[in-house]
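Visitor: need the 3D shape of this:
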Amino acid sequence: MKPITEDLTQWNEFAWFIGLYEGEGNICRINDKRFMIQIQMTDEDVIQRCANFLGGVKYITLPGYYEGNKERYKVQCAGNPFGGKLYDLFMAMLPHLSQRRQEQVHWHLRERYLSGPQR
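Guide: The predicted structure is shown next:
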């Protein structure tokens with residue numbers, strides 16, 4: 001049996017990620033068979049934690065928009081809209097997201113793909 005603190009730690013990371021996604025993340029379509037989650041900000045430590053939560057995915061560093069601006073960091077993770085780890089993550093997150101975010105997830109994971117290829 002796992003100690004209760006291990007489950008609580010996992011729940012805390014999950015809850016933290018939901019809040020981060022709600023405030024800073026987006027979901028987008030790559031093509032007819034893939035979608036992607038992206039989070040971008042100037043806080044590298046937060047992006048690193050997010051990358052770890054998503055299974056150790058790599059993140060990229062982007063230059064500031066204008067000379068003298070801070071570097072930005074971006075993590076992205078792609079998945080299948082019909083199943084898989086990222087899909088399962090979104091299904092677990094769904095009841096905890098705002099109505100607007102729930103609608104975005106539904107649109108990207110269901111309606112958009114069921115309507116066929118987009119031109």
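
Visitor: for the rest of this, base every contact and every neighbour count on C-alpha atoms.
Guide: Fine.

Visitor: flag every buried residue along the lengthiest helix in the chain.
Guide: Once the chain is assigned using DSSP state H, the helix that runs over the most residues is helix 4-24. Buried residues in helix 4-24, counting neighbours by 16 or more other C-alpha atoms under 10 Å, are found at 14, 17, 18, 21, 22.

Visitor: what two of those residues are the furthest from one another?
Guide: Pairwise distances across the buried residues of helix 4-24 peak at 12.2 Å for 14 and 22 (criterion: C-alpha to C-alpha).

Visitor: please enumerate the strands of the protein.
Guide: All strands of the chain, identified by DSSP state E, fall at 25-31, 34-41, 59-62, 72-79.

Visitor: where does pLDDT dip in the protein?
Guide: Scanning the chain for pLDDT under 70 picks out the ranges 1-6, 111-119.

Visitor: which ones are touching residue 64?
Guide: Contacts here follow C-alpha atoms under 8 Å, 6 or more residues apart in numbering; on that basis residue 64 touches 70, 71, 72.

Visitor: grab the most central residue of this protein for me.
Guide: Nearest to the mean C-alpha position of the chain, counting by C-alpha atoms, centre = their mean, stands residue 37 at 3.9 Å.

Visitor: quick check: that one touching residue 22?
Guide: No. Look at residue 37 against residue 22 with C-alpha atoms under 8 Å: they stay out of range, at 11.5 Å.

Visitor: just to revisit the earlier point, contacting residues around the residue nearest to the centre of the chain?
Guide: Per C-alpha under 8 Å, 6+ apart, neighbours of residue 37: 25, 26, 27, 28, 76, 77, 78.

Visitor: and what of residue 52?
Guide: By C-alpha under 8 Å, 6+ apart, residue 52 has no neighbours at all.

Visitor: so what's residue 62 closest to, chain neighbours aside?
Guide: Excluding the flanking residues, the one nearest residue 62 by C-alpha to C-alpha, 6 or more residues apart in numbering is residue 72, at 5.0 Å.

Visitor: wait, doesn't that neighbour sit right on residue 59?
Guide: No. Using C-alpha under 8 Å, residue 72 is not in contact with residue 59, being 10.4 Å away.
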